[in-house]
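Visitor: When you get a sec, could you give me coordinates for this:
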Amino acid sequence: MKILVPIKRVVDYNVKVRPKSDESGVDLNNVKMAMNPFCEIAVEEAVRLKESGKAEEIIAVTIGASSSQEQLRTALALGADRAILVETDVEAEPLGISKLLKSIVDKESPDLIILGKQAIDGDNNQTGQMLGALTGFSQATFASEVNLDGDNLSVTREIDGGLQTLDINLPAIVTTDLRLNEPRYASLPNIMKAKSKPLDIIPAADLGVDISPRLETIKVTLPAEREAGVIVETVDELIDKLKNEAKVIS
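Guide: Below is the predicted model:
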């Protein structure tokens with residue numbers, strides 16, 4: 001079985017992002033970049049399936065600039081067998097990303113696609129669903145548990161009311177939630193081995209897909225600062241402030 005794992009390069013989750021001085025976007029100068037945390041979970045799940053003997057090959061793929069090779073090498077160090085960079089300087093939106101991934105799926109014919117449910121930069125939660133629509137594959141989103149038995153995939157997913165278990169057939173798409181697993185750290189020997197694993201670069205233009213942005217970013221600003229709270233001495237004082245200052249009760 002072949003598993004395809006799309007990943008994304010994002011600002012490291014420990015970094016506090018700041019807008020550019022002209023408010024045209026996020027300032028990425030000298031900012032630490034990393035693999036999207038949900039993508040790390042997807043890579044880990046694929047590696048676990050391979051370690052259990054249920055998969056033979058894991059392919060990591062990302063869409064972005066040349067600098068995204070760094071995150072692909074991380075995926076290779078974590079256990080992926082080879083990687084593909086669809087290179088473009090266009091800031092592709094979920095639909096464009098899904099179309100490019102569809103071209104890779106047509107080329108590689110994976111049995112299973114595992115990807116993070118969303119990226120922590122845009123928080124769109126759209127790519128997996130759009131890719132499912134484009135490929136016609138079965139899909140299960142927000143997975144907290146995955147069990148593979150032959151061509152049958154049992155996925156427990158998190159929903160508002162609790163947990164839901166779906167049985168779907170391969171080929172399939174699964175998007176990962178936080179509680180699916182705990183990603184491992186790449187060991188130094190595996191980091192060294194990753195340098196010799198194959199990484200193919202495909203210009204996005206060669207795939208014949210229109211990835212022109214449909215949206216325009218008008219302005220990026222920090223959220224307004226919240227006013228400091230106050231400590232009240234009595235319940236009567238609290239009620240007075242809620243009634244006369246906040247005006248949330250009458």
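Visitor: Tell me where this protein has helices.
Guide: For the chain, applying DSSP state H gives helices covering 37-51, 69-78, 94-108, 127-135, 188-194, 235-244.
Visitor: Can I get the ones you listed in CSV including distance to residue 182, mean pLDDT and mean neighbour count?
Guide: Placement of C-beta: from N, CA and C, glycine included. CSV is the format used below for the helices of the chain (distance: least, CB to CB, whole Å; pLDDT from 0 to 100; neighbours: other CB atoms under 10 Å):
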stretch, distance to residue 182, mean pLDDT, mean neighbour count
helix 37-51, 8, 96, 22
helix 69-78, 13, 96, 22
helix 94-108, 26, 95, 19
helix 127-135, 21, 95, 20
helix 188-194, 17, 94, 13
helix 235-244, 43, 89, 12
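Visitor: nearest to residue 144, of these?
Guide: When the helices of the chain are compared by CB to CB, helix 37-51 sits nearest residue 144, at 10.3 Å.
Visitor: so what does that closest one touch, helix or strand wise?
Guide: Contacts defined by 3 or more CB pairs under 8 Å, 6 or more residues apart in numbering; DSSP states H and E place helix 37-51 against strand 2-6, strand 57-64, helix 69-78, strand 112-116, strand 138-149, strand 172-176.
Visitor: got JSON lines for the helices of the chain, with distance to residue 168 too?
Guide: Below are the helices of the chain laid out as JSON lines (distance: least, CB to CB, whole Å):
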{"stretch": "helix 37-51", "distance to residue 168": "15"}
{"stretch": "helix 69-78", "distance to residue 168": "25"}
{"stretch": "helix 94-108", "distance to residue 168": "16"}
{"stretch": "helix 127-135", "distance to residue 168": "11"}
{"stretch": "helix 188-194", "distance to residue 168": "32"}
{"stretch": "helix 235-244", "distance to residue 168": "50"}
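Visitor: Figure out which of those is closest to residue 214.
Guide: For the helices of the chain, proximity to residue 214 was assessed by CB to CB; helix 94-108 is nearest, at 7.0 Å.
Visitor: what packs against that closest one?
Guide: strand 2-6, strand 57-64, strand 82-87, helix 127-135.
Visitor: what angle separates it from helix 127-135?
Guide: Calculated by axes from the mean of the first three to the mean of the last three CA atoms, to 10 degrees, helix 94-108 forms an angle of 50 degrees with helix 127-135.
Visitor: quick one on the thing from earlier: would CSV of the helices and strands packed on helix 37-51 with distance to residue 202 be doable?
Guide: Conversion of these to CSV gives the following (distance: least, CB to CB, whole Å):
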stretch, distance to residue 202
strand 2-6, 14
strand 57-64, 9
helix 69-78, 12
strand 112-116, 17
strand 138-149, 25
strand 172-176, 21
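Visitor: That'll do, ta.
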